[in-house]
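**Q** following is a predicted model, sequence given first.
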Amino acid sequence: MTTPTEEPAWKQRAVERSLKTAKLRAEVRVQRFLDAAQAIITEKGTTDFTVQEVVDRSKQSLRSFYLQFDGKHELLLALFEDALGRAADQIRAAADGRSNPLEQLRVAVELLYELSRPDPSATRPLFTDFAPQLLISHPVEVKTAHAPLLALFSELMDKAAAEGKLRPGVNTRRIGAMTMQTVMFIAQSSSSADDATTKPISAEEVWDFCSQGFAAPE
């Protein structure tokens, strides 16, 4: 009984090279669709656009679009995940400028609040329009999209706990998740002031509220 011989090394290299080239081309096509969709969102100030508009702007084919995405919803989800990843990087960079771990948490909470709240001068429909719908319709995808932010808040909580800045016995990952979710919910549900009797919630107030739940008493 003979055993099958292994593929020749040259053939393995050729296949690997072909797959790598195809992967790079697919990544370029995907990015062109994402860039086109983001440009349309920026111009319109809304996620109300058609797949055909994205295809036309990207100068690619409709067939190519559906080879990369199931539809508009998956495209928006990709943009949402990308936006959250960039937000996590921005918050991390800002927090790294502080040496005190509790101050790092303060920076993270306040900046996340500012990035998540509706702002007429900085249109962010992926957060203000798409995110609330996604939370209800696709909770699993929401969890995946928020992974970079959750990892950051868990890491900051771990650092604060290691220096005795948190209440004893807290679960840093759980308290990090609750803090992140609380900040984003308050930001997305609070309205801006529209008359003399309404005062919008400030980032400082959000920090004071959240820190009462995890910070060790001084």
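**A** On my side now, so go ahead. Numbering: from 1, shown residues only.
**Q** so residue 41 sits right up against residue 48, yeah?
**A** No: using C-beta atoms under 8 Å as the test, residue 41 is too far from residue 48 to be in contact (9.2 Å). Placement of C-beta: from N, CA and C, glycine included.
**Q** any idea which helix is longest in the protein?
**A** For the chain, the helix with the greatest residue count under DSSP state H is helix 9-44.
**Q** so for residue 41 and residue 48, which residue has more residues nearby?
**A** Between residue 41 and residue 48, counted using other C-beta atoms under 10 Å, the more crowded position is residue 41 (22 against 10).
**Q** look up how far residue 14 lies from residue 6.
**A** According to C-beta to C-beta, to the nearest Å, residue 6 and residue 14 sit 15 Å apart.
**Q** then residue 67?
**A** Counting by C-beta to C-beta, the gap from residue 67 to residue 14 is 23 Å.
**Q** can you map out the strands along this structure?
**A** Counting by DSSP state E, the chain forms no strands at all.
**Q** which parts of it are helices?
**A** Under DSSP H, the chain gives helices at 9-44, 51-58, 62-68, 72-95, 101-116, 125, 131-137, 139-145, 147-162, 172-189, 203-214.
**Q** re earlier: relative to helix 51-58, how tilted is the longest helix of the chain?
**A** Using axes from the mean of the first three to the mean of the last three C-alpha atoms, to 10 degrees, the direction of helix 9-44 lies 110 degrees away from that of helix 51-58.
**Q** neighbour count: residue 6 and residue 14, which is higher?
**A** Using other C-beta under 10 Å, the more surrounded residue of residue 6 and residue 14 is residue 14, with 12 against 8.
**Q** pretty sure residue 52 is touching residue 65, no?
**A** No: at 9.1 Å, residue 52 does not count as touching residue 65 under the criterion of C-beta under 8 Å.
**Q** when those two are compared, which one has more neighbours?
**A** residue 65 (22 against 10).
**Q** next up, the contacts around the closest residue to the more buried one other than its chain neighbours.
**A** Distance criterion C-beta to C-beta, 6 or more residues apart in numbering; nearest residue to residue 65, sequence neighbours excluded, is residue 55 at 5.3 Å. By C-beta atoms under 8 Å, 6 or more residues apart in numbering, the contact list for residue 55 reads 33, 36, 61, 62, 64, 65.
**Q** make it 7 Å
**A** 61, 62, 65 (C-beta atoms under 7 Å, 6 or more residues apart in numbering).
**Q** will you turn the residues you listed into CSV that also has pLDDT?
**A** CSV is the format used below for those (pLDDT from 0 to 100):
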residue, pLDDT
61, 92
62, 94
65, 93
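**Q** so in this protein, where's the weakest helix or strand by average pLDDT?
**A** The weakest-scoring helix or strand in the chain, judged by mean pLDDT, DSSP states H and E, is helix 125 (a mean of 63).
**Q** what number of residues lie near residue 207?
**A** Neighbourhood size, residue 207 [other C-beta under 10 Å]: 20.
**Q** wait, doesn't it sit right on residue 110?
**A** Yes: if you go by C-beta atoms under 7 Å, residue 207 and residue 110 touch, sitting 5.6 Å apart.
**Q** spatially nearest residue to residue 61 (excluding sequence neighbours)?
**A** residue 55 (6.8 Å).
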